[in-house]
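**Student:** sequence plus the predicted model coming up.
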Amino acid sequence: MTLVLQLLWLAVPVIVSGLVHLAVLKLDLLPGLRALPIDGGATFRGKRVFGANKTWRGAVITISTMSLTAWALAELHACCLHLPTLVPFAETNPLAWGILLGAGYIAGELPNSIVKRQIGIGPGRSGSGLVGRVFWVVDQLDSLAGMLLFTWPVWHPPPALVLLLVVIMLVAHPLGAWIMVLFGLKDRVG
């Protein structure tokens, strides 16, 4: 049970950020940032680097929401929740923790996007056959890899915890997508 409570230091910022980002997408908030792709429209070998779906709106929403959520979690921890600490840095520097999580989340998705654009797989798609299966797995784990990489300077999780996080992401990510499809908040699971 302690590990589950410790994992809230990671999970709550990610979950809240995802819900806020979904609301921003559905309500088409911040349209100016929606129109600004992270790659600036740049191409490589005649194809977009990241694609039109990777925008500064997503980056700003993800990083700011994760930062504010990490801060709120630390405040709740200090006043009344007293969650077991997974990462002391998250407790003592919650805004920085949120920035690392959010920036890692966004940065973790970008290499996958580059490869998919170069081999002709459209934004939000996985492809078909064996390639599609590989990209489906990568799509579930790329943001986790980015978060682990960006938080590495302040947190070195044990390999068993990393394996647990991988299993959680392989289950939770598609389950969350399925629930969003069920409620009409998303078009498809994969």
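**Tutor:** In hand now; what should we look at?
**Student:** need the residues that contact stretch 121-140.
**Tutor:** Under the criterion C-beta atoms under 8 Å, 6 or more residues apart in numbering, residues 51-54, 112-113, 116, 119, 169-170, 173-174, 190 lie in contact with stretch 121-140. All C-beta spots, glycine's among them, are computed from the backbone N, C-alpha and C.
**Student:** if we use 7 Å, what do you get?
**Tutor:** Gly51, Ala52, Asn53, Asn112, Lys116, Met169, Leu170, His173, Pro174, Gly190 (C-beta atoms under 7 Å, 6 or more residues apart in numbering).
**Student:** one more: stretch 4-16?
**Tutor:** 65-66, 69-70, 73, 83-87, 90, 98, 101.
**Student:** which residues are in contact with the most centrally placed residue in the chain?
**Tutor:** A centroid search over the chain (C-alpha atoms, centre = their mean) returns Tyr105, at 4.0 Å, as the residue closest to the centre. Listed by C-beta under 7 Å, 6+ apart, the contact set of Tyr105 reads Thr62, Ser143, Gly146, Met147.
**Student:** going through the contacts of stretch 121-140, which ones are buried?
**Tutor:** Buried members of the contacts of stretch 121-140, scored by 16 or more other C-beta atoms under 10 Å, are Gly51, Asn112, Lys116, Met169, His173.
**Student:** can you put the residues you listed in JSON lines and add distance to Leu22, pLDDT and secondary structure?
**Tutor:** Shown next, in JSON lines, are the buried ones among the contacts of stretch 121-140 (distance: C-beta to C-beta, whole Å; pLDDT from 0 to 100; DSSP: H, G, I helix; E, B strand; the rest coil):
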{"residue": "Gly51", "distance to Leu22": "19", "pLDDT": "90", "secondary structure": "coil"}
{"residue": "Asn112", "distance to Leu22": "20", "pLDDT": "93", "secondary structure": "helix"}
{"residue": "Lys116", "distance to Leu22": "21", "pLDDT": "93", "secondary structure": "helix"}
{"residue": "Met169", "distance to Leu22": "17", "pLDDT": "91", "secondary structure": "helix"}
{"residue": "His173", "distance to Leu22": "13", "pLDDT": "81", "secondary structure": "helix"}
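**Student:** tell me the two of those residues that are most distant?
**Tutor:** Spanning the widest gap among the buried ones among the contacts of stretch 121-140 are Gly51 and Met169, at 22.1 Å by C-beta to C-beta.
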